[in-house]
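okay, sequence plus prediction incoming.
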Protein chains: 2
Amino acid sequence: MLTFQKVLTGFQTRADARAERTDAFADGIAWIENEFVPIGKARIPILDQGFLHSDLTYDVPAVWNGRIFRLDDHLDRLEVSCAKMRLPLPIARPELRRLVMELVSRSGLRDAYVEIIVTRGLKFLRGAQAEDIIPNLYLMAVPYVWILPLEYQNHGAPAVVTRTVRRTPPGALDPTIKNLQWGDLVRGLMEAGDRDSFFPILPDGDGNATEGAGYNIVLVRNGELHTPRRGVLEGITRRTVLEIAAARGLKTHVTEIPIQALYECDELFMCSTAGGIMPLVLLDGNIVGDGTVGPVTRMIWEAYWDLHDDPQLSEPVTYAP
Amino acid sequence: MLTFQKVLTGFQTRADARAERTDAFADGIAWIENEFVPIGKARIPILDQGFLHSDLTYDVPAVWNGRIFRLDDHLDRLEVSCAKMRLPLPIARPELRRLVMELVSRSGLRDAYVEIIVTRGLKFLRGAQAEDIIPNLYLMAVPYVWILPLEYQNHGAPAVVTRTVRRTPPGALDPTIKNLQWGDLVRGLMEAGDRDSFFPILPDGDGNATEGAGYNIVLVRNGELHTPRRGVLEGITRRTVLEIAAARGLKTHVTEIPIQALYECDELFMCSTAGGIMPLVLLDGNIVGDGTVGPVTRMIWEAYWDLHDDPQLSEPVTYAP
């Protein structure tokens, strides 16, 4: 088992090495219109419908310690998102996979957040002929993103259940299509900030919890895991959490979670490709469980980072020497 | 009063003249980072939060026959939208106003759709310091956009009430903040297309009508106008419609509109800066009223285009000779 200290030290050593880099891709890289460009110089057409109507979907695999994690699961989900939006993949999947690996390789980043974005392209849907709709693909890899910085993960963070904003309902926008229409989540971030937190949990408007700004939530009660079923992204980190728990004989429930259950659980955490397993120890100012990171959360945290070396779930990136 | 034929001929003559143009701005112009560029070459940073989280608001005044219409009303609304999003205007309002007029002047476009976009800028809100948040401003002017092409406006169009998608509720995203999170509206456009229409009307999920993909709706019954109050943009074309009706002694109601009322009205139309007053004569395959463009709609249509010459509501653009 990995300890917190080992994960932190390993990451910090790699981050320090990156900070020494002076090459063009040290802060990230993008692939746009068949070119690799430094992230700070990467530009997209203003007419892209991904900007003009947020008409896009995306997915985010991560690279950890030089290995990409669950890439095929992220590509599977991207294909499903595209199909639901009636967007063809702009390039064939094997070519996309190869391009993602090349992007990371060229970036030189050992720990990276990799964004694969498919937009409707340059033509607005209304009145367009099917043959005018040519989707665009954008790729970017930037240094690994921490929703909750690693150094805080050992102690946990405060969250709020938002009272000024609800999650967009599935009947308006299917949240299993990973999307960037973050109006509700941004509003949630603002409310969290107003209430001395960075981490909103949005209700569904019918008394149930959904998710937060880029993360699923999971609660632990009596040794069993519960996570919302509806109105949320089907997170790949969440899936990893459920697999870890099931492999250890813990019961898991993907189901409706009444808001009230959040205040009555033993442990609570966020999970996301951007930061992994992130314990919450305060909710609306109330202590969660005993106010420390609980044993189930800690076990899953360690197992999660352990799995990043597992050749079943990750593969090494080949970097230039 | 303007007749349909006169409006059509005037527009067509100007559109034909534009089609002859070969200069760089004939298809439109953008203002990005203090430069005026041809629309087809205009690019924004991929890191802009307006793209990465659709964290933006915008507004759209139009230019008609060389005059800009209700510009100050659009700027008022933009300021309100920005305030609701806690976004400062990136530049002072008088300077923004001047810049919009310069943009249109340089475009040479006599009939234009002018988009003013304010984004959160390059820094993601989460964890950012207030001083890191520097909003970005983008401007563009393109040839006038017709949601319903002018040549069809004399006969009206078919619409559908969507059954596969509802409008995003105000509790998730306040629709009075003009936004580009069009997931629900794009889904609506797709359903309309599947059902031999281009024009969806989205329900609010509680049995009431809201709006469509870029337009408010107005119904006429017994000589009175009704338009939805909640879950919609406070449209400036809608306001013009209500003002025209009130000035002629017609009663107007901004109120809840049960879906059923759409099937029982005498006249129905869409209204938007992108196309003006656009009659609907079929709804879900049922004839609206007697299936022709009704007298109230026609009166408002004519008065609407008439007002574009009114110095109270429009002002001339000074073009280069």
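Ah, there it is.

what residue ranges in the stretch 1-150 of chain A score low on pLDDT?
For the stretch 1-150 of chain A, the stretches with pLDDT under 70 are A:1-2.

do you have the helices of the stretch 201-321 of chain A handy? List them.
A:236-247, A:259-262, A:295-307 (DSSP state H, counting those that start in this stretch).

got a markdown table for those, with mean neighbour count too?
C-beta coordinates here come from the backbone N, C-alpha and C atoms, glycine included. Below are the helices of the stretch 201-321 of chain A laid out as a markdown table (neighbours: other Cβ atoms under 10 Å in any protein chain shown):
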| stretch | mean neighbour count |
| --- | --- |
| helix A:236-247 | 19 |
| helix A:259-262 | 16 |
| helix A:295-307 | 20 |
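
minimum distance to residue B:311: which of these has it?
For those, proximity to residue B:311 was assessed by Cβ to Cβ; helix A:259-262 is nearest, at 55.5 Å.

what's the average pLDDT for the closest one?
Regarding helix A:259-262, the rounded mean pLDDT is 98.

if we can go back for a sec, among the helices of the stretch 201-321 of chain A, which is nearest chain B?
Go through the helices of the stretch 201-321 of chain A one by one with Cβ to the nearest Cβ and the one that ends up closest to chain B is helix A:259-262, at 14.6 Å.

is any residue of the closest one near chain B?
No: for helix A:259-262 and chain B, the contact criterion (Cβ under 8 Å from any Cβ of the partner chain) is not met; the two come no nearer than 14.6 Å.

distance between that helix and the chain's centre?
Put simply, helix A:259-262 sits 23 Å off its chain's centre (Cα atoms, centre = their mean, to the nearest Å).

can you put the helices of the stretch 201-321 of chain A in TSV and add distance to residue B:180?
Supplementary listing: these in TSV, determined by distance: least, Cβ to Cβ, whole Å:
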stretch	distance to residue B:180
helix A:236-247	27
helix A:259-262	30
helix A:295-307	35
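
and residue B:205, which of those helices is closest to it?
Ranked by Cβ to Cβ, the member of the helices of the stretch 201-321 of chain A that lies closest to residue B:205 is helix A:259-262, at 19.9 Å.

who wins for proximity to residue A:66 among the helices of the stretch 201-321 of chain A?
Taking Cβ to Cβ as the criterion, helix A:295-307 is the member of these that comes nearest to residue A:66, at 14.0 Å.

how far off helix A:236-247 does the closest one point, in degrees?
110 degrees (axes from the mean of the first three to the mean of the last three Cα atoms, to 10 degrees).

how long is stretch A:119-132 from one end to the other?
Between the opening and closing residues of stretch A:119-132 lies a distance of 13 Å (Cα to Cα, to the nearest Å).

other residues contacting that stretch?
Taking Cβ atoms under 8 Å, 6 or more residues apart in numbering or on different chains as the criterion, the residues outside stretch A:119-132 that touch it are A:45, A:47-53, A:55-56, A:87, A:133-136, A:138, B:147, B:186, B:189-190, B:198, B:213-214.

the same query, at a cut-off of 7 Å, please.
When contacts are taken as Cβ atoms under 7 Å, 6 or more residues apart in numbering or on different chains, the neighbours of stretch A:119-132 outside the stretch itself are A:45, A:47-50, A:55-56, A:87, A:133-136, B:186, B:189, B:198, B:213.

counting neighbours, which bits of it end up buried?
Across stretch A:119-132, burial judged by 16 or more other Cβ atoms under 10 Å in any protein chain shown covers A:119, A:120, A:121, A:122, A:124, A:125, A:126, A:128.

same deal with stretch A:21-30?
A:25, A:26, A:28, A:29, A:30.

same check, this time on stretch A:78-91
Judged by neighbour count (16+ other Cβ under 10 Å), stretch A:78-91 contains these buried residues: A:78, A:79, A:80, A:81, A:82, A:85, A:87, A:89, A:90.

need those in JSON lines (columns: secondary structure and distance to chain B).
Written out in JSON lines, the entries for these read as follows (DSSP: H, G, I helix; E, B strand; the rest coil; distance: Cβ to the nearest Cβ, whole Å):
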{"residue": "A:78", "secondary structure": "helix", "distance to chain B": "16"}
{"residue": "A:79", "secondary structure": "helix", "distance to chain B": "18"}
{"residue": "A:80", "secondary structure": "helix", "distance to chain B": "16"}
{"residue": "A:81", "secondary structure": "helix", "distance to chain B": "12"}
{"residue": "A:82", "secondary structure": "helix", "distance to chain B": "14"}
{"residue": "A:85", "secondary structure": "coil", "distance to chain B": "8"}
{"residue": "A:87", "secondary structure": "coil", "distance to chain B": "11"}
{"residue": "A:89", "secondary structure": "coil", "distance to chain B": "18"}
{"residue": "A:90", "secondary structure": "coil", "distance to chain B": "16"}
